[in-house]
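**Q** have a look at this fold, sequence not included:
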């Protein structure tokens, strides 16, 4: 069994009075006994089917846009797993789940584990105030949420976002990873740090 499993789920993203159709990447990390869920969106039944009879160690939200957290409470209750999120995401989380708080706070440098695999929390604000990525050194993989995609940084044109911060976050916490590190984002196809680095370095050089 692969230590990384992947589902694509479909639904909507709503913010600032607009609603858009989206497809989200849901990631599972672990082994045949236990897994961690990263951004389990939209379709709780599909996620639960993928989990099967394994123990869920945690539900980790890379950020709190509704398309990334809409199924977190139901899955947490179903599997008896804690919801983990950075505290700076509270204003966005409260838009979707005003009556339910996350269970534990994420912080930069924290190490999480599932099935013997360690994931290091990287704080990468910009797309939202407390966005995080999860770096897995032994698998040369980073789960980038909506911070970095194939083709560039995540969107920063809506409330609680900041373009300068997302560029700073990518520069300081992602471009330092090895070029062969696979980037597994919240939407769309995977890429690598090396593929994205040249354009990102150019934006940084220009002072964006």
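**A** It's in. Bear in mind the structure is a predicted one, so any value in this text is a computation, not a measurement.

**Q** going by C-alpha atoms from here, please, whenever you check contacts or count neighbours.
**A** Fine.

**Q** for this structure, which spans come out with low pLDDT?
**A** 202-208 (pLDDT under 70).

**Q** okay, helices next: where are they in it?
**A** For the chain, the helices defined by DSSP state H cover 44-51, 66-69, 72-79, 90-96, 163-169, 193-205.

**Q** helices or strands up against the shortest one?
**A** Spelled out, that is helix 66-69. Judged by 3 or more Cα pairs under 8 Å, 6 or more residues apart in numbering; DSSP states H and E, helix 66-69 is in contact with strand 4-15, strand 18-30, helix 90-96.

**Q** so which residues make contact with the shortest one?
**A** Read that as helix 90-96. For helix 90-96, the external contacting residues (Cα atoms under 8 Å, 6 or more residues apart in numbering) are 64-66, 69-70.

**Q** and those as TSV, adding neighbour count and distance to residue 76?
**A** Converted to TSV, the contacts of helix 90-96 look like this (neighbours: other Cα atoms under 10 Å; distance: Cα to Cα, whole Å):
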residue	neighbour count	distance to residue 76
64	26	15
65	23	17
66	21	16
69	25	11
70	23	11
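
**Q** between these, which is closest to residue 174?
**A** residue 64 (20.3 Å; Cα to Cα).

**Q** that closest one: what's it in contact with?
**A** Counting by Cα under 8 Å, 6+ apart, residue 64 has contacts 85, 89-90, 92-93.

**Q** measure the spatially closest residue to it that is not a sequence neighbour to residue 8 for me?
**A** Nearest residue to residue 64, sequence neighbours excluded (Cα to Cα, 6 or more residues apart in numbering): residue 93, at 5.0 Å. For residue 93, the distance to residue 8 equals 22 Å [Cα to Cα, to the nearest Å].

**Q** which one's more surrounded, those two?
**A** residue 93 (22 against 18; other Cα atoms under 10 Å).

**Q** what bridges to residue 58?
**A** Here residue 58 sits in beta bridges with residue 36, going by DSSP bridges.

**Q** residues in contact with it?
**A** Contacts of residue 58 by Cα under 8 Å, 6+ apart are 35-37, 76, 81-84.

**Q** are any of these buried, and which?
**A** By neighbour count, with 16 or more other Cα atoms under 10 Å, the contacts of residue 58 hold 35-37, 76, 81-84 as buried.

**Q** closest one of the residues you listed to residue 190?
**A** Closest to residue 190, out of all of those and judged by Cα to Cα, is residue 37, at 17.6 Å.

**Q** the closest one against residue 26, yeah?
**A** Yes. Applying Cα atoms under 8 Å, one finds residue 37 in contact with residue 26, separated by 7.5 Å.

**Q** returning to that earlier point: which of the helices of the chain sits closest to residue 138?
**A** Using Cα to Cα, the nearest of those to residue 138 is helix 193-205, at 15.6 Å.

**Q** quick one on the thing from earlier: in TSV: the helices of the chain, plus distance to residue 115.
**A** Shown next, in TSV, are the helices of the chain (distance: least, Cα to Cα, whole Å):
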stretch	distance to residue 115
helix 44-51	13
helix 66-69	23
helix 72-79	16
helix 90-96	28
helix 163-169	29
helix 193-205	25
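
**Q** pick the most buried one from these.
**A** Ranked by mean neighbour count, these are led by helix 66-69 with a mean of 24 (mean count of other Cα atoms under 10 Å).
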